[in-house]
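1. What shape does this take:
(one chain, ligands or ions: 1)
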Amino acid sequence: RPDPLINRCSVHVTCSDYRMALQRVAVIGAGAAGLCAARHILSRPNSFARPVVFELTDNIGGTWCYDERVGNYDNGRPVHSSMYRDLRTNLPKEVMMFPDFPFDPQLSSFLPHQEVQRYLERYCHSHNIRPHIRFNTAVENVRPVVEEETTTWEVTSCDSSGGQKTETFDSVFVCSGHYSDPHIPDIPGVENFKGEVLHSHSYRYAEPFSGQSVVVLGAKASGLDISIELAKVGAQVTLSHGRPRLTFPLPSGIQQSSPVVAVQDDGSVRFQDGSVGRADVLMFCTGYNFRYTFLDADQLSLEIQDHMVSPLYRFLTPPAFPSLFFIGICKIICPFPNFDCQVQFALAVLDGSVSLPSRAEMEDEVRRELQEKVERGVQRRHLLIMEKDQWEYCRTLAHAAGFPPLPPVVRSLYEEVWRQRQIHPQSYRSLNYRLISDTQWELID
Ligand code: FAD
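-> Numbers count the residues shown, from 1 in each chain. I've put the predicted structure just below:
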């Protein structure tokens, strides 16, 4: 039998050693990415102290926390969520879920946003994350402090009473999302437009647009969905975009046009093909900018532009400061599984189970990857679009950090749904799927 005294003593020493060695992580944002970061930090109590999750609003969920308000909150900060009332997910729950946390199996595959919010609440509850979230607390500044070989981070936050606080952490996870700051392309003469100008960030529901003529700029996910919603309430929609003409059936209230190039002096809208039209509303569905008000790009040797943050090794961390991680920065991905892989990889870097190459090597790799994309003809503003590369990316992270890769069925169902979306944008959400194994799914009634 072990000597109880020795045992107690050694336990004591071990605990205090651990306590000294535990890393303190700040997580900015309690949306899906921040919750995922907190969940994995909490599951590694031997390496990490309990995280501090800073959340601007009074709730978890980020994008999925529907807020009818538009513009600013009472405290003057801009409303975060761009969710609209009748949105249903564009991915089925079978692939949208965090790999280790399924949605309720009773639910259909494509969910109203309220169900995703409920799912995130359940995730938060079952991993006991809530006690670690500081609600109504905005991160205002994140500053690296370099002393000899060690970098720590000073995080300054402001709570609802206006009280500012600066605390020190060993690393920071930026999980603040990038669907909040509207990107509005420069359209000459837009100030001449006589009607309403808004961005999809401030669109909530279609009824106010009934009977109006609306020019929707952009035909990606939101542009298409919102056009269909508007047509259903009897708006006349001109879907203006620079993509090849959409060939799938659209509701009769939607006509397509080339991109808007200017608003003329008399308020009429001029399109690229030379045609001119009048409208009551200009609705920009033109995407969002990256915006990190709490970071100083120069200090981090980063370039932060509307559509680009670079260099980020593995789309995650600046080579000059590899204890700062951006979770979920890539576009056109399967978000929750992607966040899960990134978070686990980042924690493996921090706990030493993954060693990163030197700063110069990481910078080289990023430069090479971006250069290859540019040579393939990818526009600079699309360099963070991952699309098909996402599967190999997640597999590489899993392999390096030693966690299970995403099962192949995630990719196969994601790609099938993507195909269906291109052909039947109005009805693909009525299909229901079931996973049969790690490699197979089936369509169910
Ligand atoms: P967010 O959800 O934006 O969360 C960020 C959090 O950070 C927020 O809670 C915010 O308040 C907080 N925060 C921001 N700045 C600060 C600060 N300075 N200090 C403290 N807190 C801060 N994905 C899918 O998988 N399926 C879909 O069907 C789908 N549909 C979408 C529809 C719309 C309209 C939009 C906009 C996105 C959609 N997405 C969809 C993508 C969606 O954004 C991701 O699924 C995911 O919710 C992003 O999570 P996040 O945590 O990265 O960001």
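
2. near the ligand, which residues of the stretch 301-445 of the chain show up?
-> Contact residues (CB under 6 Å from any ligand atom) of the stretch 301-445 of the chain with the ligand: 328, 335-336. Glycine gets a C-beta too; all of them are placed from N, C-alpha and C.

3. Just to check, residue 190 is in contact with residue 197?
-> Yes. Contact criterion CB atoms under 8 Å: residue 190 and residue 197 qualify, at 6.8 Å.

4. Show me whatever sits in contact with both of the two.
-> Jointly contacting residue 190 and residue 197 under the rule CB atoms under 8 Å, 6 or more residues apart in numbering are residue 282.

5. any idea which of the residues of the stretch 301-445 of the chain next to the ligand has the most stuff around it?
-> residue 328 (26 neighbours; other CB atoms under 10 Å).

6. Check that one and give its pLDDT.
-> Confidence at residue 328, expressed as pLDDT, is 98.

7. which non-adjacent residue is nearest it?
-> Distances taken as CB to CB, 6 or more residues apart in numbering place residue 33 nearest to residue 328, at 4.4 Å, with adjacent residues excluded.

8. For the ligand, what's its nearest residue on the stretch 101-250 of the chain.
-> Nearest residue of the stretch 101-250 of the chain to the ligand: residue 177, at 2.2 Å (CB to the nearest ligand atom).

9. can you give me the helices for the stretch 151-300 of the chain?
-> Secondary structure of the stretch 151-300 of the chain by DSSP state H, counting those that start in this stretch: the helices cover 221-232.

10. For it, which residues are neighbours of the ligand?
-> 175-177, 179, 222, 294.

11. Check the stretch 1-150 of the chain too.
-> Within the stretch 1-150 of the chain, the positions near the ligand by CB under 6 Å from any ligand atom are 28-34, 54-57, 62-64, 80, 82-83, 87, 89-91, 96, 138-139.

12. Out of those residues, list just those in strands.
-> Mapping those onto strands (DSSP state E) picks out 28, 54, 138-139.

13. from the residues you listed, which two are the most distant?
-> Across those, the longest distance by CB to CB is 9.2 Å; it joins 28 and 138.

14. between those two, what contacts are shared?
-> The contact sets of residue 28 and residue 138 overlap at residue 54 (CB under 8 Å, 6+ apart).

15. thinking again about what came up before, would you mind checking the residues of the stretch 151-300 of the chain next to the ligand for buried ones?
-> By neighbour count, with 16 or more other CB atoms under 10 Å, those hold 175-177, 179, 222, 294 as buried.

16. which one among these gets closest to residue 168?
-> Distances from residue 168 to these, taken by CB to CB, are shortest for residue 294, at 15.4 Å.

17. For that closest one, give me its contacts.
-> Residue 294 neighbours (CB under 8 Å, 6+ apart): 28, 139-142, 156.

18. By mean pLDDT, which helix or strand of the chain comes out lowest?
-> helix 4-21 (a mean of 40; mean pLDDT, DSSP states H and E).

19. got a list of contacts for stretch 69-81?
-> Contacts for stretch 69-81 (CB under 8 Å, 6+ apart): 56-57, 62-67, 138, 160, 177, 180-181, 201-202, 204.

20. Residue 409 - that's part of a helix, no?
-> Yes. Counting by DSSP: H, G, I helix; E, B strand; the rest coil, one finds residue 409 located in a helix.

21. before we move on, back to that, list buried residues within the contacts of residue 294.
-> 28, 139, 142.

22. how much space is there between the second one and residue 88?
-> Look at residue 139 and residue 88: by CB to CB, to the nearest Å, they are 32 Å apart.

23. repeat for residue 204
-> 15 Å.

24. Quick one: mean pLDDT over stretch 116-127.
-> 98.

25. contacts for it?
-> If you take CB under 8 Å, 6+ apart as the criterion, stretch 116-127 is touched by 30-32, 35, 38-39, 42-43, 60-61, 64-66, 89, 93, 96-98, 101, 103-104, 129-130.

26. Which ones among those lie within helices?
-> 32, 35, 38-39, 42, 93, 96 (DSSP state H).

27. Now the two most distant members of the residues you listed.
-> Of all pairs drawn from those, the one with the longest distance (CB to CB) is 42 and 93, at 24.0 Å.

28. thinking again about what came up before, can I have the buried ones of the contacts of stretch 116-127 as a PyMOL selection?
-> Restricted to buried positions by 16+ other CB under 10 Å, the PyMOL selection for these reads:
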select buried, resi 30+31+32+35+38+39+60+61+64+65+66+89+93+96+97+98+101+103+129
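
29. and residue 273, what does it touch?
-> The neighbourhood of residue 273, defined by CB under 8 Å, 6+ apart, consists of 257-258.

30. same thing with residue 331?
-> 384-386 are the contacts of residue 331 under CB under 8 Å, 6+ apart.

31. partner residues bridging it?
-> Beta-bridge partners for residue 331, by DSSP bridges, are residue 385.

32. Phi, psi for the closest residue to residue 258 other than its chain neighbours please.
-> Among residues not flanking residue 258 along the chain, residue 272 sits closest, at 3.9 Å (CB to CB, 6+ apart). As for residue 272, its main-chain torsions (degrees, to the nearest 10) stand at phi -60, psi -30.

33. Now do the buried residues in stretch 47-63.
-> 47-57, 59-63.

34. for that stretch, what is the average pLDDT?
-> Over the span of stretch 47-63, the pLDDT mean works out to 97.

35. ends of that stretch, how far apart?
-> Taking CA to CA, to the nearest Å, the first and last residues of stretch 47-63 lie 30 Å apart.

36. from the middle of its chain, how far away would that stretch be?
-> Distance of stretch 47-63 from its chain centroid, counting by CA atoms, centre = their mean, to the nearest Å, is 15 Å.
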